[in-house]
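**Q** fold the following and give me the result.
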Amino acid sequence: MTSKGSYLYIAVFLGIMTAVELFLYPQHGLGQWRTTGLLTLMGSKALMVALAYMNLRKEGWALKIAFFAPIPVAIYFLLFMLYDAAYLWKS
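**A** Predicted structure coming up:
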């Protein structure tokens with residue numbers, strides 16, 4: 001399979017995953033499963049873009065770590081920002 005063909009397949013798969021996200025978003029009856037599904041799809045799409053379009057799958061381990069290491073730190077930071085924002089909204 002050529003590089004052009006693999007990019008096309010990945011683009012189609014990303015489009016399908018986006019369509020699933022758009023279907024899943026207004027489904028309020030799913031509760032926590034909706035949030036988990038949307039976060040899983042979002043993470044999968046971000047990983048696929050990083051590995052395919054940014055060519056991280058062909059790079060060494062040091063560059064992969066340099067790219068993916070800040071992601072948990074950002075999530076941790078955002079969770080604390082949301083916790084802090086809850087108190088600001090109450091006052």
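
**Q** got the contact list for the host helix or strand of residue 48?
**A** In this assignment (DSSP states H and E), residue 48 forms part of helix 32-52. With contact meaning C-beta atoms under 8 Å, 6 or more residues apart in numbering, helix 32-52 is reached by 6-7, 10, 13-14, 17-18, 20-21, 24-25, 27-28, 30, 56-57, 67-68. Backbone N, C-alpha and C define where each C-beta goes, glycine included.

**Q** could you check how far the residue positioned nearest the centre of the chain is from residue 78?
**A** Nearest to the mean C-alpha position of the chain, counting by C-alpha atoms, centre = their mean, stands residue 43 at 2.5 Å. For residue 43, the distance to residue 78 equals 14 Å [C-beta to C-beta, to the nearest Å].

**Q** go on, residue 87?
**A** Residue 87 sits at a distance of 16 Å from residue 78 (criterion: C-beta to C-beta).

**Q** same check, this time on residue 30
**A** For residue 30, the distance to residue 78 (C-beta to C-beta) stands at 23 Å.

**Q** and what of residue 51?
**A** Residue 51 is 23 Å from residue 78, where distance means C-beta to C-beta.

**Q** which of the two has more residues huddled nearby?
**A** Between residue 51 and residue 78, counted using other C-beta atoms under 10 Å, residue 51 has the larger neighbour count: 16 against 10.

**Q** tell me which stretches of the protein form helices.
**A** Using DSSP state H, the helices of the chain run over residues 3-24, 32-52, 61-68, 70-90.

**Q** list the buried residues for the first one?
**A** Across helix 3-24, burial judged by 16 or more other C-beta atoms under 10 Å covers 14, 17.

**Q** other SSEs contacting it?
**A** helix 32-52 (3 or more C-beta pairs under 8 Å, 6 or more residues apart in numbering; DSSP states H and E).

**Q** I'd like to know how many residues surround residue 70.
**A** 10.

**Q** swap in the one 4 residues further on?
**A** With neighbours defined by other C-beta under 10 Å, the count for residue 74 comes to 9.

**Q** equivalent analysis for the one 3 residues further on, please.
**A** Neighbour count for residue 77, taken as other C-beta under 10 Å: 11.
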